[in-house]
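Trainee: No sequence on hand, only this structure:
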């Protein structure tokens, strides 16, 4: 099975500009760029809705940074939890 490859930002913009400014059909563009017509329609709808901002780079892996205070509280709770588990399991470790 062939791996699906998404269109990059520049290609989406080029396709949308050709579609809306030059009046090319989705069929023409699909053949020219070797992509599915549905892909062109989706990109066109995004472009109509938000313009060039629709294809802005998105950083999916970026997470909001945790404040130091929250991180300290989270780690203190985790340490307390681990101490309780250790205390409960200590008698079993001595029986070996």
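Mentor: Looks like it came in fine. Every value quoted in this text rests on a predicted model; they were computed, and no experiment measured them.

Trainee: which residue sits closest to residue 36, ignoring its sequence neighbours?
Mentor: Closest residue to residue 36 apart from its sequence neighbours, by Cβ to Cβ, 6 or more residues apart in numbering: residue 30 at 6.4 Å. Placement of C-beta: from N, CA and C, glycine included.

Trainee: wait, that neighbour sits on residue 37?
Mentor: Yes: counting by Cβ atoms under 8 Å, residue 30 touches residue 37, with 4.6 Å between them.

Trainee: Between the two, point out the one with more neighbours.
Mentor: Using other Cβ atoms under 10 Å as the criterion, residue 30 and residue 37 rank with residue 30 on top: 17 against 14.

Trainee: secondary structure class for the more buried one?
Mentor: helix (DSSP: H, G, I helix; E, B strand; the rest coil).

Trainee: and the helix ranked longest in the chain, which residues are buried?
Mentor: Counting by DSSP state H, the longest helix found in the chain is helix 68-94. Buried residues in helix 68-94, counting neighbours by 16 or more other Cβ atoms under 10 Å, are absent.

Trainee: avg pLDDT for it?
Mentor: For helix 68-94, mean pLDDT is 90.

Trainee: All good on my end, thank you.
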